[in-house]
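> got a structure for you, letters missing:
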């Protein structure tokens, strides 16, 4: 059937996501995503008051581990200090749910459990009974703060006092330069002489390490991200010949907002068959990954057509957690013969399965204690032995989208990453397995890049990296009734 709807009305409906499932079916819009698992579902976030209880519980458990971490790292004390709107990076892993910034001067002091056999890690500034307090927090804007800090240090006499002033690693360099100078004046010569400014792994481990109870909600968030992607890559949202990739991007942003989630980066939606990958790109997400033969603006305004291969890079944020996912879809031409459809889908899945194989190789090489560069080298060697061409650029995720820890390659650094690639892989962390495989698709007479990104968590029981929700092993298929081929002529 031929539509007589006004083009503006169609576009508005698509962008606002107002088409219901019943309306979509009535108008001949059919969507089907090919998958090896049940259709992912949206998970509604709990009320904010309940979120506060959840997140503060996770934060308290994380803080309780710091004294033991200091002992394991051979550091006696650790100071974090910041002013309002000039917070340390690690502050965001310690703040209460209801805090939106530091106040006045907010200073933390953590002591190693090696200093005592009895300890508590409350950050209230008070001790109880005979327990020796190992964690302090002061919020003050007077010189008294430094007096109180020196009193605690004089009492315990730590031999080393770490601060986050590393020259290269952002998570370990969060103390602002001015704050460091003020801290030195407040400490005096005795304690300034004991400062260790460049210990990288304290802040990295604090931010990277996930408490076990976070995983349940992280899985729900990941399933929600999958569900939004499948909804975006469907005939409910995409009208060939009308809808642009930019339209889909903003639909995804609105969908996130409507669910009371947010995100940590602008979603990307790309027509893979229109773009060449830029091997020198330094951006790991977003449309910067691609180099168009025309201007970027023109590319995002080109309507999606039947036969396009689509890619998205998408993540959601909630409860102090962030996800990161890249999936692929194929816009099936209506009336395409089964033989032709089977041929191109076979080729597309061959490329996707190469990327799946790269995921398996990378996960198998992610041994705790190895550096990211060692993992990258071993993985690329294995890829070469199997004749797979592609790139690996995995990163920690969770607390931040690009979180603390060792990185395994970057798009422009496939022979090793300075500094960040030399950090050891830590247990109890989350990682984004991000990569692409190159594969020739004869039906398109084109080599395509099969981008994939899925998050994994460290399974201590099985000592393995397991998928948080799953991985894409089949293309999302966006299908339409044959009569709907007239839509693009509206």
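Looks like it arrived, so ask away. Only a predicted model underlies this, so the values are computations on that prediction, with no experimental measurement involved. Numbering: from 1, shown residues only.
> residue boundaries of the strands in the stretch 101-250 of the chain?
With DSSP state E, counting those that start in this stretch, the ranges of strands along the stretch 101-250 of the chain come out as 105-111, 135-140, 161-162, 195-196.
> want to throw the ones you listed into JSON lines with mean pLDDT?
As requested, those are arranged in JSON lines below (pLDDT from 0 to 100):
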{"stretch": "strand 105-111", "mean pLDDT": "98"}
{"stretch": "strand 135-140", "mean pLDDT": "96"}
{"stretch": "strand 161-162", "mean pLDDT": "97"}
{"stretch": "strand 195-196", "mean pLDDT": "96"}
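> can I get the ones you listed in TSV with distance to residue 259 and mean neighbour count?
Where C-beta positions appear, they are placed from N, C-alpha and C, glycine not excepted. Output for those, formatted as TSV (distance: least, CB to CB, whole Å; neighbours: other CB atoms under 10 Å):
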stretch	distance to residue 259	mean neighbour count
strand 105-111	32	23
strand 135-140	34	17
strand 161-162	40	23
strand 195-196	44	16
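> pull the helix or strand with minimum mean pLDDT from the protein.
helix 21-26 (a mean of 36; mean pLDDT, DSSP states H and E).
> so who does the residue most central in space within the chain touch?
In the chain, the centroid-proximal residue (CA atoms, centre = their mean) is residue 401; its distance is 3.2 Å. The contact partners of residue 401, taken as CB atoms under 8 Å, 6 or more residues apart in numbering, are 264-265, 315, 317, 322, 324.
> turn the residues you listed into CSV, including secondary structure.
As requested, those are exported to CSV (DSSP: H, G, I helix; E, B strand; the rest coil):
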residue, secondary structure
264, coil
265, coil
315, coil
317, strand
322, strand
324, coil
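> would you confirm that residue 432 belongs to a helix?
No: secondary structure of residue 432 (three-state DSSP): strand, not part of a helix.
> my read: it touches residue 395, true?
Yes: counting by CB atoms under 8 Å, residue 432 touches residue 395, with 5.5 Å between them.
> the two - which one has more neighbours?
Using other CB atoms under 10 Å, the more surrounded residue of residue 432 and residue 395 is residue 432, with 28 against 25.
> any idea what that one is bridged to?
With DSSP bridges as the criterion, residue 432 is bridged to residue 395, residue 455.
> any idea how far residue 67 is from it?
30 Å (CB to CB, to the nearest Å).
> same check on residue 240?
Taken as CB to CB, the span from residue 240 to residue 67 is 59 Å.
> so residue 67 makes contact with residue 109?
No: Residue 67 lies out of contact with residue 109 (CB under 8 Å); the separation is 11.2 Å.
> who touches both of these two?
In contact with both residue 67 and residue 109: residue 135, using CB under 8 Å, 6+ apart.
> give the residue spans of the protein that score low on pLDDT.
1-37, 117-130, 275-299, 482-490 (pLDDT under 70).
> buried stuff in the top helix by length along it?
The longest helix of the chain (DSSP state H) is helix 338-365. For helix 338-365, a neighbour-count test (16 or more other CB atoms under 10 Å) marks 341, 344-345, 347-349, 351-352, 354-359, 361-363, 365 as buried.
> same deal with stretch 52-65?
54-55, 58-59, 62-65.
> same question for stretch 83-92.
Buried, per 16+ other CB under 10 Å, within stretch 83-92: 83, 86-92.
> want to throw the residues you listed into CSV with secondary structure and distance to residue 450?
Listed next are the buried residues of stretch 83-92 as CSV, based on DSSP: H, G, I helix; E, B strand; the rest coil; distance: CB to CB, whole Å:
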residue, secondary structure, distance to residue 450
83, strand, 47
86, strand, 43
87, coil, 39
88, coil, 39
89, helix, 34
90, helix, 37
91, helix, 39
92, helix, 34
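> would TSV of those with distance to residue 311 be doable?
Shown next, in TSV, are the buried residues of stretch 83-92 (distance: CB to CB, whole Å):
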residue	distance to residue 311
83	42
86	38
87	35
88	36
89	31
90	34
91	35
92	30
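> dump the buried residues of stretch 52-65 into CSV; add distance to residue 216 as well.
Listed next are the buried residues of stretch 52-65 as CSV, based on distance: CB to CB, whole Å:
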residue, distance to residue 216
54, 10
55, 13
58, 11
59, 16
62, 16
63, 20
64, 20
65, 19
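> quick one, strands of the stretch 351-490 of the chain?
Going by DSSP E, counting those that start in this stretch, the stretch 351-490 of the chain shows strands at 390-392, 395-397, 430-441, 446-459, 464-467, 476-478.
> and among these, the most buried is which?
Highest mean neighbour count among the strands of the stretch 351-490 of the chain (mean count of other CB atoms under 10 Å): strand 395-397, with a mean of 28.
> which neighbouring elements make contact with that strand?
strand 430-441 (3 or more CB pairs under 8 Å, 6 or more residues apart in numbering; DSSP states H and E).
> okay, the angle between the strand it packs on and strand 446-459?
160 degrees (axes from the mean of the first three to the mean of the last three CA atoms, to 10 degrees).
> just want the angle from strand 430-441 to helix 338-365.
For strand 430-441 against helix 338-365, the angle by the same axes, to 10 degrees is 140 degrees.
> residue 107 touches residue 145, doesn't it?
Yes: the pair residue 107 / residue 145 is scored as a contact, 6.1 Å apart, by CB under 8 Å.
> what residue spans form the domains of this structure?
Following automatic domain parsing, one gets these domains for the chain: 7-46+213-489, 66-208.
> chain center to the first one, what's the gap?
Read it as domain 7-46+213-489. For domain 7-46+213-489, the separation from the chain centroid amounts to 12 Å (computed by CA atoms, centre = their mean, to the nearest Å).
> start at 51, not 1
Shifting the count to begin at 51 puts that one at domain 57-96+263-539.
> related to what we said a few turns ago, which among the buried residues of stretch 102-115 gets closest to residue 267?
Taking CB to CB as the measure, residue 267 sits nearest to residue 104 out of these, at 7.2 Å.
> wait, a helix at that closest one?
Yes: judged by three-state DSSP, residue 104 forms part of a helix.
> so who does it touch?
96, 267, 369.
> swap the cut-off to 7 Å and go again
residue 369 (CB atoms under 7 Å, 6 or more residues apart in numbering).
> ok, now residue 412?
By CB under 7 Å, 6+ apart, the contact set of residue 412 is 429, 442, 444, 458, 483, 485.
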